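Sequence first, then the predicted structure, then my questions.
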Amino acid sequence: MSPYVAIAAGGQALGGVMGFKGARAAAKAQRQIDNYNIEVAKNEQILRERARRDQEANLRNQANRLVSSQVAATAASGIQMSGSPLRAMADTYYSLERDVARVQYASEIEQTQTMAQIELIGMEGRARRSASNYQAYASLLGGATTAYGTYYDIG
């Protein structure tokens, strides 16, 4: 057998091993990317929750200022707090609670969407890693088969 045949077969086997290692490294890198993307999505979720709390607090502060103005205006006019002024204040509170409920509902929808996004990132990542692992083994097997075929045909 010629040393060139052994070199050719060895080169093909080495190519298969290098393909294997490359695909495995790609799977590992994909895992790191997926973990990063999941962390980013979780941080976005935390920021959205903080924004919702701030928005709710702002709504409550605005409503409290409006009620204080209503009370002051009613007191300055000498009218007792009953009838229309009382109804106006009640409407302010009801409006506030309705607005807060809408903000909370929108926040819950965003939270659900973010959780779905996190799950999707994980599922897609697992699928890509699995594909890279299959590719790694296929490369290894293909390199070994090609090397054997070269050795058998030429040797």
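Cool, got the structure. Numbering: from 1, shown residues only.

tell me how far stretch 44-64 is from the chain's mean position?
The chain centre lies 22 Å from the centre of stretch 44-64; the measure is CA atoms, centre = their mean, to the nearest Å.

for this structure, what spans make up the helices?
Ranges of helices within the chain are 3-77, 84-154, based on DSSP state H.

possible to save these as CSV with mean neighbour count and mean pLDDT?
The way it works is simple: take the backbone N, C-alpha and C, and place the C-beta from them, glycine included. Output for those, formatted as CSV (neighbours: other CB atoms under 10 Å; pLDDT from 0 to 100):
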stretch, mean neighbour count, mean pLDDT
helix 3-77, 14, 85
helix 84-154, 14, 85
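
who's in contact with stretch 137-154?
The contact list for stretch 137-154 (CB atoms under 8 Å, 6 or more residues apart in numbering) reads 2, 5-6, 8-10, 12-17, 19-20, 22-23.

brain fart, stretch 56-68
For stretch 56-68, the surrounding residues in contact (CB under 8 Å, 6+ apart) are 89, 92-93, 95-96, 99-100, 103-104.

Kindly report the same for stretch 114-132.
Residues outside stretch 114-132 that contact it (CB under 8 Å, 6+ apart) are 23-24, 26-27, 30-31, 33-34, 37-38, 41-42, 44-45, 48.

do the same with stretch 78-95
63, 66-67, 70-71, 74-75.

roughly how far is that stretch from the heart of the chain?
46 Å.

heads up, I number from 15, so please use that
New numbering, starting at 15: the last item is stretch 92-109.

what separates the residue nearest to the spatial centre of the chain from L28, distance-wise?
Closest residue to the average C-alpha location of the chain: A55 at 3.3 Å, with CA atoms, centre = their mean. A55 sits 41 Å away from L28, going by CB to CB, to the nearest Å.

and what of L73?
Distance, L73 to L28, by CB to CB: 67 Å.
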